[in-house]
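1. Quick one: sequence plus predicted model below, questions after.
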Amino acid sequence: MAELLSDDQLNDVLPKLPDWAAQDAALVRTVELESFAQAIMVVNRIAEIAENDNHHPDIDIRYKTLTFRLSTHYKGGITALDVSLAEEIDGVLDALA
Ligand SMILES: C[C@H](O)[C@H](O)[C@H]1CNC2=NC(N)=NC(=O)C2=N1
């Protein structure tokens with residue numbers, strides 16, 4: 001079972017996730033894609049990852065801007081599961097042409 005990260009643990013992790021911020025007990029990243037179609041393609045790729053991980057992001061879709069909020073719902077905050085998912089989301093975004 002994943003445990004909530006302490007403030008110290010979170011402060012250690014955040015520098016490794018430069019595109020993410022800790023806001024309201026979640027890891028948050030906003031990214032603007034090239035088009036709505038590309039945004040939806042990204043959402044679908046991340047949906048596959050989330051299903052495989054059984055750990056799911058909150059995703060806000062506004063035209064071609066996506067905002068991801070990662071928290072572990074049954075813990076009510078940020079755990080290592082959220083850090084791992086953030087790294088996987090970064091991988092999808094970094095791989096875009
Ligand atoms: C039953 C199922 O394993 C749980 O509901 C999973 C699904 N995906 C999840 N995703 C996230 N972000 N937090 C959870 O606590 C969580 N729990």
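-> Sure thing, it's come through.

2. Reduced to three states, what does the residue nearest the centre of the chain come out as?
-> To find the centre residue of the chain, average its C-alpha atoms and take the closest one (Cα atoms, centre = their mean): that gives A86, at 3.9 Å. At A86 the chain is in helix, as set by DSSP: H, G, I helix; E, B strand; the rest coil.

3. what's the answer for L27, then?
-> Assigned with three-state DSSP, L27 falls in the strand class.

4. Tell me which residues are up against stretch 73-82.
-> Outside stretch 73-82, the residues within contact range by Cβ atoms under 8 Å, 6 or more residues apart in numbering are 2-5, 10, 22, 25-27, 53, 55, 70-72. Every residue, glycine included, has its C-beta placed from N, CA and C.

5. For the protein, what lies in contact range of the ligand?
-> Listed as neighbours of the ligand in the chain under the rule Cβ under 6 Å from any ligand atom: 54-56, 72-74.
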